[in-house]
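1. heads up, no residue letters with this:
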């Protein structure tokens, strides 16, 4: 398993399916890219266990502009009282078998 711990700001993507995200910092994105072939199930999407505060959930990181985005579900935002523009600490666990 590989673990990442970082902070990022919650931003909103309107798109056809609106959602809130946090951008994974460049250094962590480069490390994720290095293991992506071992864990991705297609299109560069990486399954992870994410944690913000006391809330943990399974999700997938989405590749964008050479980095990755963490989707922040509405239930997570509600349980942690998070809003657009908040800076949050995120812990990601990626299952990598070597």
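-> The structure has been received and is ready for your questions. Keep in mind the model is a prediction, meaning the values are calculated, not measured. Residues are numbered from 1 along each chain as shown.

2. how about the helices in this structure?
-> Assigned by DSSP state H, the helices in the chain fall at 26-39, 74-79.

3. and the shortest one, which residues are buried?
-> Neighbour-count burial for helix 74-79, with 16 or more other Cβ atoms under 10 Å as criterion, is recorded at 76-77. (Glycine included, C-beta is placed from N, CA and C.)

4. counting contacts, what elements does it pack onto?
-> strand 55-64 (3 or more Cβ pairs under 8 Å, 6 or more residues apart in numbering; DSSP states H and E).

5. Buried residues of the strand it packs on, list them for me.
-> Counting neighbours by 16+ other Cβ under 10 Å, one finds that the buried residues in strand 55-64 are 55, 59-63.

6. mind checking pLDDT for the residue positioned nearest the centre of the chain?
-> Nearest residue to the geometric centre of the chain (Cα atoms, centre = their mean): residue 70, 2.3 Å. The model reports residue 70 with a pLDDT of 97.

7. residues near the closest residue to it other than its chain neighbours, how many?
-> Nearest residue to residue 70 in three dimensions, chain neighbours excluded: residue 22, at 4.7 Å (Cβ to Cβ, 6 or more residues apart in numbering). As a burial measure, residue 22 scores 24 neighbours (other Cβ atoms under 10 Å).

8. can you pull up the bridge partners for residue 22?
-> residue 10, residue 70 (DSSP bridges).

9. Give the full set of residues in contact with it.
-> 8-11, 69-70, 72, 88, 90 (Cβ atoms under 8 Å, 6 or more residues apart in numbering).

10. Compare those and tell me which has the most neighbours.
-> residue 72 leads these on contacts (other Cβ under 10 Å) with 27 neighbours.

11. So that residue sits against residue 11, correct?
-> No. Assessed by Cβ atoms under 8 Å, residue 72 is found out of contact with residue 11, at 9.5 Å.

12. Give the residues shared as contacts by those two.
-> Common contacts of residue 72 and residue 11 (Cβ under 8 Å, 6+ apart): 20-22.

13. For residue 46, give the beta-bridge partners.
-> Judged by DSSP bridges, the bridge partners of residue 46 are residue 61.
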